[in-house]
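# here is the input, now give the coordinates:
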Amino acid sequence: MAWNTARTRQLLLDAAIDEFAEYGPEAARLDRIAATAGVNKERIYQYFGNKEQLFGAVLSWSLERLAEAVPLEGPLAADLPEYAGRVFDYHREHPQFIRLLYWEGLHRGGDPIAAREERAKRYADKLAALAAAQKEGAIPSEFAPRELLYAVIALAGWWYATPPLAQMIMGDDIENARDTLVKMVAKLVS
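Model prediction:
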């Protein structure tokens with residue numbers, strides 16, 4: 001029977017996302033990842049290299065999932081409030097993502113950045129879409145595309161980056177938080 005490499009890689013990535021989100025790259029254990037995935041630990045080394053490389057693969061794969069689930073291109077770039085709301089929804093459904101980014105910042109301090117070129121390209125594409133929307137007059141040009149994108153990403157993610165703070169300030173109604181976020185971004189681009 002042939003070994004299903006793609007399925008095995010995916011099982012390992014899924015298990016690694018939860019492990020790294022929970023424990024960070026330093027305390028994450030490859031044996032727990034392998035056990036959760038139901039895969040021999042040696043497959044991790046074969047497919048990803050070491051723990052650091054697996055963490056980079058997890059970050060890259062997680063960013064790809066976000067980009068696919070919440071694209072910012074073409075006409076979608078003209079509706080930045082809806083984009084912010086969809087990013088917010090994505091974080092609610094995938095709380096590990098923000099934790100992975102925090103662990104990356106804590107662990108690496110920003111250097112080296114996993115899959116830097118690939119990630120920079122994704123953000124460059126988003127910036128180009130925002131610039132095009134500004135050129136067409138769909139969103140104002142008061143702020144540069146990079147300022148808008150960073151503000152929207154920060155506003156949409158911070159609710160989940162600091163849940164106790166969000167709860168103490170905004171209360172328990174997460175749906176109201178989403179509506180507030182959309183209104184804030186609408187004001188930003190009005």
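# and the helix-or-strand element of the chain with minimal mean pLDDT, what does it pack onto?
None of the helices or strands of the chain scores lower by mean pLDDT, DSSP states H and E than helix 163-170, at a mean of 83. The contact analysis (3 or more Cβ pairs under 8 Å, 6 or more residues apart in numbering; DSSP states H and E) places helix 163-170 against helix 145-161, helix 174-188. In this view, the C-beta of every residue, glycine as well, is placed from N, C-alpha and C.
# in terms of secondary structure, what does the first one contact?
If you count contacts as 3+ Cβ pairs under 8 Å, 6+ apart, helix 145-161 packs onto helix 80-93, helix 96-108, helix 116-135, helix 163-170, helix 174-188.
# alpha carbons of the least confident helix or strand of the chain, as PDB, please.
Output of helix 163-170 as PDB, limited to C-alpha atoms (Å, rounded to 0.1, in the frame of the first residue of the first chain):
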ATOM      1  CA  PRO A 163      -9.200  38.600  25.000                       C
ATOM      2  CA  PRO A 164      -9.300  39.700  28.700                       C
ATOM      3  CA  LEU A 165      -8.700  43.300  27.700                       C
ATOM      4  CA  ALA A 166     -11.300  43.200  25.000                       C
ATOM      5  CA  GLN A 167     -13.800  41.600  27.500                       C
ATOM      6  CA  MET A 168     -13.100  44.100  30.200                       C
ATOM      7  CA  ILE A 169     -13.500  47.100  27.900                       C
ATOM      8  CA  MET A 170     -16.100  45.900  25.400                       C
END
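# what about that helix, distance to the chain center?
Mean-position distance between helix 163-170 and its chain equals 21 Å (Cα atoms, centre = their mean, to the nearest Å).
# buried set for that helix?
Going by neighbour count (16 or more other Cβ atoms under 10 Å), the buried part of helix 163-170 is residue 166.
# ok, and what's touching it?
158-160, 176-177, 180 (Cβ atoms under 8 Å, 6 or more residues apart in numbering).
# which of the helices and strands packed on helix 145-161 sits closest to residue 12?
helix 96-108 (15.0 Å; Cβ to Cβ).
# just to revisit the earlier point, would you mind checking the contacts of helix 163-170 for buried ones?
158-160, 177.
# what residues are up against the residue nearest to residue 97 when sequence neighbours are not counted?
Residue nearest to residue 97 in three dimensions, not counting chain neighbours: residue 62, with 5.4 Å by Cβ to Cβ, 6 or more residues apart in numbering. With contacts taken as Cβ under 8 Å, 6+ apart, residue 62 has the following neighbours: 17, 94, 96-97, 100.
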